Every structure is written in structure tokens, then in C-alpha cells.
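**Student:** I would like the atomic coordinates for the input below:
(one chain, ligands or ions: 1)
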Amino acid sequence: MPNDHDSHLDALLTKMKSAASPLRDTLRELHSKYQSAGEGKVADYIPELANADPDWFGISVVSVDRRKIKVGESDQPFTIQSVSKPFVFGMALEDHGREEVLEKIGVQPIGEAFNSITLDETSNRPFNPMINAGAIAATDLIAGKDFPDRVRRMLAMFRRYCGREVFVDNSVFSSERATGHRNRAIAHLMLNFGMLSDRLEDTLELYFQQCSIMITAKDLAVMGATLANGGVNPLTGERALDAEYVKDLLSVMQTCGMYDYAGEWAYRVGIPAKSGVGGGIVAVVPGQVGIGTFSPPLDMKGNSVRGIKACQDLAEQFGLHVFNADGCRDSLLSQFNPNGSN
Ligand code: GLU
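**Tutor:** Prediction:
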């Protein structure tokens, strides 16, 4: 007998499989339901973000078995911003191994702003790789023989996740660099405590570049599907992340991915996700799909208003929460002796 969770999942995959694609209808319904949501404010700390059209709204889902659905402005390019953070953390893990990375970056959620100038007082580490301090420390760990090589490796990593070449928007990059004083302060604080290498200027350049990569909601869905698929891009078959580290990324996304809404997101939506001030959200349903949403107006915590609503509805409709009562029992229960004697 399939349990509730399995039947929810089957429902999701069946919806994607059928020729009429009921999932597309569901996404279209969600799109029109929330298109008129007028709440939120487009990020305006640099002109390039302030110029975004507040009506843009795209939702895209890509499955581990290569099916793709997109509605609305899913092909509209925008800057990845903080959605880049888990992926760069993954690269740091691949380049240095878990133990070395954990000496420099914690995995502890904090109830402070993503750009707070704070380190753990006992270890001097940034609390986690999803806040700016931890993200800059992760960027510092990107290996390469020189700066261009580090840029090249970072872009190649994002190319593997997206399944296409990615580019840095130079105008956003220049603005991020020109206004990034707080990030510089964070980097200097970490340098002071020996948590950052002396390549500080290069690392900041690289960090501003990673935030300025142009992606789409469809790309985010492919990136999410790659994590859902154990690190292999389901559309290209190319490995983007060592399978060993997939759970590291998903764990920090689950606990720290949605700014100061992370706990509530984990409670209400219950799937690993990361958002950025460009208006993007990537969410992962392990073993099944990646979800990418894009809509620039942000709530007070910095998350896309429409993106949150759409993901929340999808999670409810299809029982996606990782702790859904029946979903997490299966694997261990099936390991007991089937005749019931133990
Ligand atoms: N470039 C931004 C910063 O470092 C990222 C903001 C975000 O998406 O959280 O401040």
C-alpha cells in the first residue's frame, strides 16, 4: 500500500507525466492567483535592482527525470545574488573537504541579519555559509592558480548546475563592488581573526561577481533539480557536485536558506531552499524536482513575496514537507524483519 507521502509524490510526478500536464495547470493557477499580490518592495540598494519590474513573476519546475514546466517570466534574466551561496559552499567543500571547511565556517543558524558584522565569539567563525560572512569565507576557499582561474572555475561550476554558459552582469557587478562597504568590513574582520586568506581583495571581487551572475527561474529549477538528483544535472547528465556533499548543501539550505524566515519556512514549507534579493528562490524536493521562482518584490525579511506564496501552496498541495508524517518512516521500517519477529 503506498503511504500518503508516496501517493502525494506520485500525484506530483503523474501530473508532470500526463500529456495534458495538470502540474502546468496548477502552476498557471498559482501564477494568476498571486500575480496581483501587490505586497513587497523591490530591492533598491543599487540602481540595477531598483529598475526591476515589480510585475515579473515566473515559476519553473524541473524533475530528476528531465521533465520541465515553466510559467510566467521564467526566462527573464536577473541576478542570482544570495542564491549563489549554497553552490559556492559546495565548491569550497569539494576543494578542501568537510573538516577544513568547517574550521572556517559554521553551520549554525543565527537570528541576525544576513549582512551582520558578527562572528562566533568562541571559534571566530562566521555562523553559517548562507549569511554574507560565511559566504565570503566560502568564496575565499575557491581554489585556483590565480584570480582569473578562480573566476573561471566558479563560472564553470554554475555552468554545470544550469546546463548552459553563465555570465556576470558587469553593471550589477560594478555597483555591488562600489557599494559593498559592509561586505568589505566583514571580510576585514575575518582577516583579522585569521579566518580569511590574504587574497582578501580578490575574494571580494569574486564574491561580487558570483552575486552578479545572470540566471532565470528556469535555471534555478534546473539547479534545484541537480541537487534533487544527487548532484547530477538531469538535463545534461553532467555532475555538478560530488554526491558526498549534496546533503551538506541541503542541510544549510533547510536551516539557514531563507534569511530570518528560515525557521518559519522550514516549519511551513519544509523543503530546503535559498533566496536572494534579486527575487529568486531555489527549492529542492530531494529525489524529485527542483523549483525555481522569480519575482522581485521582497518582504521585510528579504524573500520574494510571490515566490514564498507559490512554494508554500505547492508544498501544501503535494505534501512536499520533508517531515510529512508518513514520508520519513518508510526506509528504516523496511529494514526490519518482514515476519514481524523484531
Ligand atoms: N550582493 C548582496 C550582498 O552581498 C547579496 C544580497 C542577497 O541576495 O542577500 O549584500
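**Student:** is it true that Ser175 lies in a helix?
**Tutor:** Yes - judged by DSSP: H, G, I helix; E, B strand; the rest coil, Ser175 forms part of a helix.
**Student:** Burial check on it, number of neighbours?
**Tutor:** Counted with other C-beta atoms under 10 Å, residues neighbouring Ser175 total 18. C-beta here means a position set from N, CA and C on the backbone, and glycine is covered the same way.
**Student:** For the residue positioned nearest the centre of the chain, list each beta-bridge partner.
**Tutor:** Nearest residue to the geometric centre of the chain (C-alpha atoms, centre = their mean): Lys274, 3.4 Å. With DSSP bridges as the criterion, Lys274 is bridged to Val282.
**Student:** What's the separation between it and the ligand?
**Tutor:** From Lys274 across to the ligand, the span is 9 Å (C-beta to the nearest ligand atom, to the nearest Å).
**Student:** ditto for Val62
**Tutor:** In this view, Val62 and the ligand are 22 Å apart by C-beta to the nearest ligand atom.
**Student:** thinking again about what came up before, who's in contact with the residue nearest to the centre of the chain?
**Tutor:** Ser82, Val83, Lys85, Pro86, Met130, Met253, Gly257, Met258, Ile281, Val282 (C-beta atoms under 8 Å, 6 or more residues apart in numbering).
**Student:** at 6 Å what do you get?
**Tutor:** Lys274 makes contact with Val83, Pro86, Met253, Gly257, Val282 under the criterion C-beta atoms under 6 Å, 6 or more residues apart in numbering.
**Student:** Look up which helix or strand the closest residue to Gly194 other than its chain neighbours falls in, please.
**Tutor:** Among residues not flanking Gly194 along the chain, Asn124 sits closest, at 7.4 Å (C-beta to C-beta, 6 or more residues apart in numbering). Per DSSP states H and E, Asn124 falls between elements, in no helix or strand.
**Student:** Give me the contact list for stretch 135-144.
**Tutor:** 85, 88-89, 91-92, 95-96, 104-105, 126, 129, 150, 153-154, 187, 195-197, 203, 206-207.
**Student:** number of nearby residues for Asp149?
**Tutor:** Neighbours of Asp149 using other C-beta under 10 Å come to 12.
**Student:** where does it fall, helix, sheet strand or coil?
**Tutor:** Applying three-state DSSP: Asp149 is helix.
**Student:** Tell me the residues of the stretch 151-300 of the chain that contact the ligand?
**Tutor:** Applying C-beta under 6 Å from any ligand atom, we find that the stretch 151-300 of the chain lies next to the ligand at Glu176, Asn183, Cys211, Gly276, Val277.
**Student:** which SSE is the second one in?
**Tutor:** Okay, so that is Asn183. helix 181-192.
**Student:** how about that helix: buried residues?
**Tutor:** Asn183, Ile186, Ala187, Leu189, Met190, Leu191 (16 or more other C-beta atoms under 10 Å).
**Student:** Same list (those) but as TSV, adding distance to Ser304 and pLDDT.
**Tutor:** What follows is those, written out as TSV (distance: C-beta to C-beta, whole Å; pLDDT from 0 to 100):
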residue	distance to Ser304	pLDDT
Asn183	22	97
Ile186	24	97
Ala187	27	97
Leu189	30	96
Met190	29	97
Leu191	33	97
